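In: sequence first, predicted coordinates after that:
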Amino acid sequence: MNNFIVTTIRKPTEAVEMLAKEIALKLGGQFVKREDLSFDALKTIHGVENVLLVKKNSLSVMTSAGELFFHPNTAHLRIKNLRGGEGDRLIDALKLSSGSKVLDCTLGLGSDAIVESFVAGSSGEVVALEVNPLIAEVVSHGLKNFTDDSPHILEAMRRVKVINVDCSEFLKACADNAFDVVYFDPMFRLPVHKSSGLNPIRPLADDRPLTPEIVREARRVANCRVVMKEHNGSYEFARLGFEVVDGGKYSSVAFGVIDKTYRLL
């Protein structure tokens, strides 16, 4: 049974209500007229935990931990730094350049995918996977419709291709060396709870750990390297065969790399 309903702002236009109905049909959920009910009341009446809210120009999900909505977040500053000649830890770990083909297996809120797309440029490709349909819908809609930013960032957003699918299924269907790099940013085994901006996504996020089988498929699909982001000092790197290449003493996160010069297990 679906654990969400789709509704609108209290006084929707005809276009907003029509979009809400289309999204409900697409996701296999139920459209509910908002009337004058609170989100808590809607959740209680319909026995759900999440409400997908359709507004005039954006989507959001009301979760038990707050409102999940799309925003480029740190991507704006990171791209500004890249344009100014500074480095970016993820881009350095991925070794991206113009024309790179990236498979981002964990879209999340989309910030990393935007930065990847900026660096890969119009000659490259960024395919971003998200297993949760609500997250995929909100972020995909945001990437296509967000307007409050500079042209080069908006262009990077528009180029990201979002697919609502389990990464293990997608990887199995890929040809050998289909992408230059494959990237994972799974939910940390030891969460960084001070990252309050991530709290609304936690109830929806896939908290399953990566498996050796998924990593093996990623190594087959990646032409150059596989990269994983995790908590600094995490045992996940060793468990899955990643070499930690970036993780300063005072940083809470680190990046692990499996280079394709390594022999497939």
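Out: Here it is on my side, so go on. Small disclaimer: the values here were computed from a predicted structure and weren't measured.

In: mind checking the end-to-end distance for stretch 139-154?
Out: Terminal residues of stretch 139-154 lie 14 Å apart, using Cα to Cα, to the nearest Å.

In: give the buried residues for that stretch.
Out: 139, 140, 141, 142, 143, 146, 149, 153, 154 (16 or more other Cβ atoms under 10 Å). (Glycine included, C-beta is placed from N, CA and C.)

In: show me what contacts the fifth one?
Out: This points to residue 143. 70, 110, 113, 114, 157, 158, 160, 162 (Cβ atoms under 8 Å, 6 or more residues apart in numbering).

In: now go through the buried residues of stretch 139-154 and say which are in helices.
Out: 139, 140, 141, 142, 143, 153, 154 (DSSP state H).

In: on the pLDDT front, check the third one for me.
Out: Looking back up the chat, that one is residue 141. Looking at residue 141, its pLDDT reads 97.

In: shift numbering so it begins at 34
Out: Yep, numbering from 34; the last one is residue 174 now.

In: what about the closest residue in space to it that isn't next to it in sequence, neighbour count?
Out: Sequence neighbours aside, residue 92 is the residue nearest to residue 174 in space, at 4.9 Å (criterion: Cβ to Cβ, 6 or more residues apart in numbering). Neighbour count for residue 92, taken as other Cβ atoms under 10 Å: 23.

In: residues in contact with residue 92?
Out: Contacts of residue 92 (Cβ under 8 Å, 6+ apart): 56, 85, 86, 102, 103, 170, 171, 174, 175.

In: tell me what it is bridged to.
Out: residue 87 (DSSP bridges).

In: equivalent analysis for residue 161, please.
Out: With DSSP bridges as the rule, residue 161 is bridged to residue 137, residue 195.

In: with distance to residue 274 added, can I get the contacts of residue 92 in TSV?
Out: Listed next are the contacts of residue 92 as TSV, based on distance: Cβ to Cβ, whole Å:
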residue	distance to residue 274
56	40
85	38
86	42
102	36
103	34
170	34
171	33
174	36
175	34
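
In: thinking again about what came up before, quick one: the residue nearest to residue 174 from residue 134, how far?
Out: According to Cβ to Cβ, to the nearest Å, residue 92 stands 28 Å off from residue 134.

In: for residue 114, same thing?
Out: For residue 114 relative to residue 134 (Cβ to Cβ), the value is 24 Å.

In: who has more neighbours out of these two?
Out: Per other Cβ under 10 Å, whichever of residue 114 and residue 134 has more neighbours is residue 134, with 19 against 13.

In: contacting residues around the more buried one?
Out: 153, 157, 158, 211, 212, 213, 214, 256.

In: okay but the last one is in contact with residue 213, surely?
Out: Yes - when contacts are counted by Cβ atoms under 8 Å, residue 256 is listed as touching residue 213 (5.1 Å).

In: higher neighbour count, the two?
Out: Per other Cβ under 10 Å, whichever of residue 256 and residue 213 has more neighbours is residue 213, with 22 against 14.

In: pLDDT on the helix or strand hosting that one, on average?
Out: Take DSSP states H and E as the rule and residue 213 turns out to sit in strand 212-217. Averaged over strand 212-217, pLDDT sits at 98.

In: show me what counts as buried in it.
Out: So strand 212-217, judged by 16+ other Cβ under 10 Å, has buried residues 212, 213, 214, 215, 216, 217.

In: go on, stretch 149-161?
Out: Per 16+ other Cβ under 10 Å, stretch 149-161 contains these buried residues: 149, 150, 151, 152, 153, 154, 157, 158, 159, 160, 161.

In: so which of these belong to helices?
Out: 149, 150, 151, 152, 153.

In: okay, these in TSV with pLDDT and distance to residue 98 next?
Out: Formatted as TSV, these follow (pLDDT from 0 to 100; distance: Cβ to Cβ, whole Å):
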residue	pLDDT	distance to residue 98
149	98	27
150	98	28
151	98	29
152	98	31
153	98	32
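
In: mind putting those residues into JSON lines with distance to residue 71?
Out: Converted to JSON lines, these look like this (distance: Cβ to Cβ, whole Å):
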{"residue": "149", "distance to residue 71": "39"}
{"residue": "150", "distance to residue 71": "38"}
{"residue": "151", "distance to residue 71": "39"}
{"residue": "152", "distance to residue 71": "43"}
{"residue": "153", "distance to residue 71": "43"}
